[in-house]
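J.: Sequence and predicted model, in that order:
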Amino acid sequence: MAENMLEITDENFSSEVLESDVPVLVDFWATWCGPCLMLAPVMEELADDYAGRVVVGKVNIDEARSLAEQYNIASIPTVLIFKGGQVAKQFMGVAPKEQFATALDEQLG
C-alpha cells in the first residue's frame, strides 16, 4: 500500500472518515477482485497527488463486512467520497484517474 494510503477498518472508520476535516476517498475492494487490483495504482497516485488535502483509504470488504453492508456495497470496486461525514459522490467499477480527480477537486472547491 502506498505511503499516503490509509487502511480503513471497522475500528478507525469513524475517526478517519466520518470525523475528517478534509474530504475522504474510500476504495472498497478485495484481494480476489481483478478490477480492484487494476484500480489500485490509480488510488495510490491519487493518494500522492492529494496528500495533505484529501485522505485516500482502502476498505477490504472481507475484513470489514459491516462497513460494506452499512454503505450497501453490492459490487466492487466501489469508491465513495465522503465530505463532512456524508457520502458526496459514488463510483462503481473501474474509472479513469481524471474522473476521481475531478470529483475530489469539486469537494475541495
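T.: Now that the structure is in, tell me what you want to look at.
J.: Residue 36 versus residue 50, what's the distance?
T.: To residue 36, residue 50 is 20 Å away according to Cβ to Cβ, to the nearest Å. (C-beta placed from N, C-alpha, C; glycine too.)
J.: ditto for residue 69
T.: Applying Cβ to Cβ, the value for residue 69 to residue 36 is 18 Å.
J.: Give me the more crowded residue out of the two.
T.: A direct count of neighbours by other Cβ atoms under 10 Å for residue 69 and residue 36 places residue 36 higher, at 21 against 10.
J.: For the more buried one, report the pLDDT, please.
T.: Per-residue confidence for residue 36 comes out at a pLDDT of 97.
J.: Excluding sequence neighbours, find me the nearest residue to it.
T.: Leaving aside its sequence neighbours, residue 36 sits nearest to residue 29 (Cβ to Cβ, 6 or more residues apart in numbering; 3.8 Å).
J.: how far away is that neighbour from residue 46?
T.: Taking Cβ to Cβ as the measure, residue 29 falls 14 Å from residue 46.
J.: tell me the contacts of the residue nearest in space to the middle of the chain?
T.: Centroid-nearest residue in the chain, with Cα atoms, centre = their mean: residue 26, separated by 1.4 Å. Going by Cβ atoms under 8 Å, 6 or more residues apart in numbering, residue 26 touches 8, 17, 57-59, 79-82.
J.: just for the protein, where's the confidence low?
T.: Residue ranges of the chain with pLDDT under 70: 1-2.
J.: burial of residue 79, as a residue count?
T.: By the criterion of other Cβ under 10 Å, residue 79 has 26 neighbours.
J.: got it, and the one 5 residues further on?
T.: Per other Cβ under 10 Å, the neighbour tally for residue 84 reads 11.
J.: Where do the helices of this structure begin and end?
T.: Assigned by DSSP state H, the helices in the chain fall at 13, 34-49, 65-70, 97-108.
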